[in-house]
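Everything below, folded, please.
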Amino acid sequence: MKLVILDRDGVINHDSPSYIKSPDEWIPIAGSMEAIALLTQAGYQVAVATNQSGVGRGLFEMATLNAIHDKMHRAVGQAGGRIDAVFYCPHAQEANCGCRKPKPGLYEEIAQRYSVSLKDVPSIGDALRDLQAAVAVGAQPILVLTGKGRQTQREGGLPPGTRVHADLAAAVKSLLK
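I've put the predicted structure just below:
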């Protein structure tokens, strides 16, 4: 099985320092819907792994998070793609849970759900915590320069072997070579 793991905010859609708190605030990054469609058409299972501490902080309810994800699924579908599963951590950082990236809990859940090893599975994110979670399970870390990506690259400390691309579309184009 071919699998790819994507972060959400800053990779698929524009991020916000005050969180994406409604479907209206969820705006796809140019080319990201088409990139996911290319993955789908190439036979990849697409899983999203996203920290959503706005739920734990009381900024929005689970129903709102579901509505945001419904909008994302519809937008990807309209482009001819599919997101097979969304794994999210609803906890605030203070909860110190095992599922909040950079801890690997979401990735371990993906491995369990799909009954696969995540060794060398492409994992695309815009923040160091995304890359660290990927490395913890042996996945291939890929940094995109959208969202927090440029800042992440400037700050350095990227895990060895991290690939860097301008955006999700460029990362997918490289994967499908």
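
Give me the next element, helix or strand, following the longest helix belonging to the chain.
The single longest helix within the chain, with elements called by DSSP state H, is helix 62-78. Once the chain leaves helix 62-78, the next helix or strand it forms, by DSSP states H and E, is strand 85-89.

re the thing from before, and the longest helix of the chain, which residues are buried?
For helix 62-78, burial by neighbour count (16 or more other Cβ atoms under 10 Å) applies to Thr64, Leu65, Ala67, Ile68, His69, Lys71, Met72, Ala75, Val76. For every residue, glycine as well, the C-beta is placed using N, CA and C.

Quickly note the distance from the third one to Trp26.
In this structure, Ala67 lies at 9 Å from Trp26, with Cβ to Cβ, to the nearest Å as the measure.

May I ask you to name the longest strand in the chain?
Assignment by DSSP state E gives strand 44-51 as the longest strand of the chain.

Contacts for that one next, please.
Strand 44-51 is contacted by residues 1-9, 12, 36, 39-40, 81-89, 100-101, 106-107, 110, 114, 123, 129-130, 133 when judged by Cβ atoms under 8 Å, 6 or more residues apart in numbering.

quick one: strands adjacent to that strand?
strand 2-6 (parallel), strand 85-89 (parallel) (DSSP bridges).

Would you convert those strands into TSV that also reports distance to Ser174?
Output for the strands paired with strand 44-51, formatted as TSV (distance: least, Cβ to Cβ, whole Å):
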stretch	distance to Ser174
strand 2-6	12
strand 85-89	23
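
could the ones you listed be laid out in CSV, adding mean pLDDT and distance to Ala47?
Formatted as CSV, the strands paired with strand 44-51 follow (pLDDT from 0 to 100; distance: least, Cβ to Cβ, whole Å):
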stretch, mean pLDDT, distance to Ala47
strand 2-6, 98, 5
strand 85-89, 98, 5
